[in-house]
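**Student:** With the input below, show me the fold.
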Amino acid sequence: MRYILGLFMLLAVCSGPALGAEPEPLGTVKGRIEAPGMANYRGIAALWEAREGIVPDPRKYVIIPAAVNPLGPDGRFSIKARPGDYFVGAVLRKTPGPTMGPPRPGDLVFMSPDAAGKALQVKVALGATIDVGTHGAAWTYAGLEAWGGPRIEGRIIDTEGLPVAGLLVFAFGDSNMSEHPLAVSERSDAEGRFQVRLPRSTTVYLRVRPNYGQGSPMQGGYTGVFGGQVPKPLVVPAAEALSGVNIEVMEIPPLGERRKQGLRGPRTLKESNTK
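**Tutor:** Predicted structure coming up:
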């Protein structure tokens, strides 16, 4: 019984905001990207909240969009968002892999920032549509650049202490981890190593998930929180790395498999160590 309660507490912590909330009033941003010789566009367009002048730039850090939509086959996009100030950007996939997510080396980046380093910003109003027009200026993403700003470094390990590759670490500003994440890491490497870069020094809470999204991990997969069932805050310095932050994750079977197993599995998600 203790394991069952602990598992559902973990699911609650990792699942994000509750379902069934009233939908927010929205506005629309539409436009088009254009690339020479492109017959069928594949990629995403996105909006990022304009927070304290922080411009989304995947060469420095990865900020999760407030709203995102796939590009149409002709490069057109339409994104709905709540009223507010946003940066607009788009990624044209020139590489294999998932459509959603940050750019991969070789993909083209449009608008935020554009080829000249400027960012496109809009104000979304309730029920209104903003047309940002057609944008053809793009630059090729080559990966993260050297970064001396605030960041968290560590490893993701399983309950046996072994490294887990291919997972994302999300940084939240609230202990419930229900608000929009401040930033996200690239996927952990073969040694389980990760780095979360932050646009500013702040206190964060970390959650590990296999993919983007705030839904409940009922489909199964690895999940974990730094601090275990009680999320532990991390104060990130302004211009240095907070290193040695290890997060232990547990593998939750898909819902159908859990029913077959009678919820048997790892007993707890232990608190990780930090230097």
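
**Student:** who's in contact with the residue lying closest to residue 113 once chain neighbours are set aside?
**Tutor:** Spatial nearest neighbour of residue 113, chain neighbours left out: residue 119 (5.1 Å); criterion: C-beta to C-beta, 6 or more residues apart in numbering. Heads up, the C-betas are built off the backbone N, CA and C, glycines and all. Taking C-beta atoms under 8 Å, 6 or more residues apart in numbering as the criterion, residue 119 is in contact with 55-56, 87, 89, 111-113.

**Student:** and which of the residues you listed is nearest to residue 149?
**Tutor:** For the contacts of residue 119, the minimum distance to residue 149 (C-beta to C-beta) is 13.4 Å, reached by residue 55.

**Student:** Just to check, the closest one is in contact with residue 86?
**Tutor:** No. Contact criterion C-beta atoms under 8 Å: residue 55 and residue 86 do not qualify, at 11.6 Å.

**Student:** Of those two, give the one with the bigger neighbour count.
**Tutor:** Counting neighbours by other C-beta atoms under 10 Å for residue 55 and for residue 86 shows that residue 86 has the greater number, 27 against 18.

**Student:** next SSE after the helix or strand hosting that one?
**Tutor:** If you go by DSSP states H and E, residue 86 is part of strand 84-92. Counting by DSSP H and E, the next helix or strand C-terminal to strand 84-92 is strand 108-110.

**Student:** Check which helices and strands that following strand sits against.
**Tutor:** Here strand 108-110 touches strand 84-92, strand 138-140, going by 3 or more C-beta pairs under 8 Å, 6 or more residues apart in numbering; DSSP states H and E.

**Student:** Mind listing residues that contact it?
**Tutor:** Counting by C-beta under 8 Å, 6+ apart, 33, 35, 43, 58, 89-92, 94, 103, 135, 137-141 sit against strand 108-110.

**Student:** any weak-confidence spans in the stretch 101-250 of the chain?
**Tutor:** 213-220 (pLDDT under 70).

**Student:** can you give me the strands in it?
**Tutor:** With strands called from DSSP state E, counting those that start in this stretch, the stretch 101-250 of the chain shows them at 108-110, 120-124, 129-135, 138-140, 151-157, 168-172, 183-184, 193-197, 203-209, 221-225, 234-235, 241-248, 250-252.

**Student:** now residue 154, which residues is it bridged with?
**Tutor:** residue 194, residue 245 (DSSP bridges).

**Student:** residues touching it, list them.
**Tutor:** 193-194, 243-247, 274.

**Student:** Who wins on neighbours among these?
**Tutor:** Busiest of the contacts of residue 154 [other C-beta under 10 Å] is residue 247, holding 28 neighbours.

**Student:** from memory that one sits against residue 205, does it?
**Tutor:** No. Counting by C-beta under 8 Å, residue 205 is not a contact partner of residue 247; they are 11.2 Å apart.

**Student:** What count of nearby residues applies to residue 135?
**Tutor:** Neighbours around residue 135, by other C-beta under 10 Å: 20.

**Student:** How much space separates it from residue 115?
**Tutor:** Remark: distance between residue 135 and residue 115 (C-beta to C-beta, to the nearest Å) = 10 Å.

**Student:** just residue 104 next, same as before
**Tutor:** Distance from residue 104 to residue 115, by C-beta to C-beta: 18 Å.

**Student:** Check residue 173 too.
**Tutor:** 32 Å.

**Student:** What of residue 235?
**Tutor:** Distance from residue 235 to residue 115, by C-beta to C-beta: 37 Å.
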